[in-house]
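*Asks:* Below: sequence and its predicted model.
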Amino acid sequence: MRLYAYWRSSCSWRVRIALEHKGLAYEVRSIHLREGEQRSDDYAGVNTLQQVPVLEWEEGALTRRLTQSLAILHFLEDAYPEKALVPADAWARARAWEHAEIVNAGIQPLQNFATLLLVDSLGGDKVAHARGVIAKGLGAMEKLAKETAGAYLVGDRPSVADVCLVPQLYNARRFDVDVDAYPTLLRAEARCASLPAFQAAHPDRQPDAPSAEPS
């Protein structure tokens with residue numbers, strides 16, 4: 001498998017966690033978003049939307065490519081169910097995806113690099129905007145987690161909820177959001193930090209991670 005990714009892309013990070021958790025071998029193909037590598041003609045042939053991540057693999061004579069992090073997570077769960085990242089119970093499984101979608105649809109796209117460039121171009125305060133949408137979304141997750149959490153965000157095993165939470169808390173800290181307001185989320189994050197899959201997937205451990213990069 002090949003993963004087209006950027007070291008600090010939270011969407012790429014989610015997929016790395018899942019691949020590591022399931023013990024799947026993969027090669028990282030770095031796409032440097034800050035340098036605009038995603039806009040190249042070559043990469044447009046990989047992903048017409050020119051975003052990361054993309055998961056690519058061979059099936060016989062076919063090359064398969066899948067974009068969008070949650071679509072990739074769904075595929076990995078179906079294709080490699082042995083080390084599941086979704087609960088067995090249907091209700092708990094739906095709640096795990098609910099957490100994941102709060103991040104995927106309700107937070108991350110509203111504070112990503114492209115959105116903040118647009119906010120800035122329109123004369124807005126991009127940092128204040130990012131803080132506001134992150135705080136609102138994490139607040140919703142904290143409230144939901146009071147109903148769903150065990151040792152992790154949903155029950156006592158890591159799930160897609162935690163896979164999406166951990167990168168989003170990283171982004172929250174980048175924008176100086178007061179994450180102490182979300183103690184249930186922080187407890188789940190601390191549990192995840194002890195797991196080898198989450199450790200291996202961390203941005204600082206990626207081959208394209210610089211020693212320091214401005215925000």
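*Replies:* Looks like it arrived, so ask away.
*Asks:* For the helix ranked longest in the chain, which helices and strands make contact with it?
*Replies:* The helix that spans the most residues within the chain, counting by DSSP state H, is helix 126-148. With contacts defined as 3 or more CB pairs under 8 Å, 6 or more residues apart in numbering; DSSP states H and E, helix 126-148 has these neighbours: helix 90-106, helix 108-111, helix 113-121, helix 160-174, helix 183-193. All C-beta spots, glycine's among them, are computed from the backbone N, C-alpha and C.
*Asks:* for that helix, which positions count as buried?
*Replies:* 126-127, 129-131, 133-135, 137-138, 141-142, 144-145, 148 (16 or more other CB atoms under 10 Å).
*Asks:* Run the chain-centre distance for it.
*Replies:* Centroid separation between helix 126-148 and its chain, computed with CA atoms, centre = their mean, to the nearest Å, is 15 Å.
*Asks:* Can you pull out the residues in contact with it?
*Replies:* With CB atoms under 8 Å, 6 or more residues apart in numbering as the test, helix 126-148 has contacts from 92, 95-96, 98-99, 102-103, 106-107, 110-111, 116-117, 119-120, 153-155, 161, 165, 168-169, 171-172, 175-179, 181-185, 188.
*Asks:* Could you rerun that using 7 Å?
*Replies:* 95, 98-99, 102-103, 106-107, 110-111, 116, 119-120, 153-154, 171-172, 175, 177, 182, 184-185 (CB atoms under 7 Å, 6 or more residues apart in numbering).
*Asks:* what do you get for stretch 169-185?
*Replies:* With CB under 7 Å, 6+ apart, stretch 169-185 has contacts from 10, 111, 127, 130-131, 134-135, 138, 141-142, 145-146, 149, 165, 186, 189, 215.
*Asks:* Since that was my last question, I'll sign off now.
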